[in-house]
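>>> give me a model of this one.
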Amino acid sequence: EVPVGALYYDEGQVIAVSGNVSIANHDPSGHAEIDVLRKAAKIKKNHRTGGTLVVTLEPCVMCMGAIIQAGGHRLIFRAYDPRSGAAGSAFDLSNSSKLNHKVNVIGGVMESQCRELMQNFFKYRRKN
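Here you go, the predicted structure:
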């Protein structure tokens, strides 16, 4: 799995954590963001989770759509994804006037450490 992790918290409490499970679950939607939102919704017994999502990598279009649908109030991500990031890099769904919900985004927190983690992962993967 690509080393992406997600943590969801609300009112100062961690509600759910997850990592990518696409390969393990044979599920193209098994991104960490989607999985953690599913877990949080079950725990809160509400599809509108609100709260804050913290993620290793800027979410893709699919994940950003799920965050918006869940009514996420804030997104904090560690590293930008210039190829497919949908919170300001390649696209910006977080503040689209065409959508009925906006997400407060804080990006690039620990950018260099997370970028190095990703680069090392893919370097190792290409060798093996």
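
>>> helices or strands next to the lowest-mean-pLDDT helix or strand in the chain in the packing?
Of all helical and strand segments in the chain, the minimum by mean pLDDT, DSSP states H and E falls on helix 111-127, at a mean of 90. Judged by 3 or more CB pairs under 8 Å, 6 or more residues apart in numbering; DSSP states H and E, helix 111-127 is in contact with strand 52-57, strand 74-79. For glycine as for every other residue, the C-beta is placed from the backbone atoms N, C-alpha and C.

>>> okay if I get those as a markdown table plus distance to residue 30, mean pLDDT and mean neighbour count?
A markdown table is the format used below for the helices and strands packed on helix 111-127 (distance: least, CB to CB, whole Å; pLDDT from 0 to 100; neighbours: other CB atoms under 10 Å):
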| stretch | distance to residue 30 | mean pLDDT | mean neighbour count |
| --- | --- | --- | --- |
| strand 52-57 | 14 | 97 | 24 |
| strand 74-79 | 18 | 97 | 21 |
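
>>> distance to residue 33 added to the ones you listed, as a markdown table?
Below are these laid out as a markdown table (distance: least, CB to CB, whole Å):
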| stretch | distance to residue 33 |
| --- | --- |
| strand 52-57 | 6 |
| strand 74-79 | 9 |
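
>>> of all those, which lies closest to residue 11?
strand 52-57 (9.7 Å; CB to CB).

>>> does anything pack onto the closest one? Which helices or strands?
Where contact means 3+ CB pairs under 8 Å, 6+ apart, strand 52-57 is packed against strand 5-10, helix 32-44, strand 74-79, helix 111-127.

>>> tell me which strands that strand pairs with, and in which orientation.
strand 5-10 (antiparallel), strand 74-79 (parallel) (DSSP bridges).

>>> any regions of this structure where pLDDT drops low?
Across the chain, nothing is flagged by pLDDT under 70.
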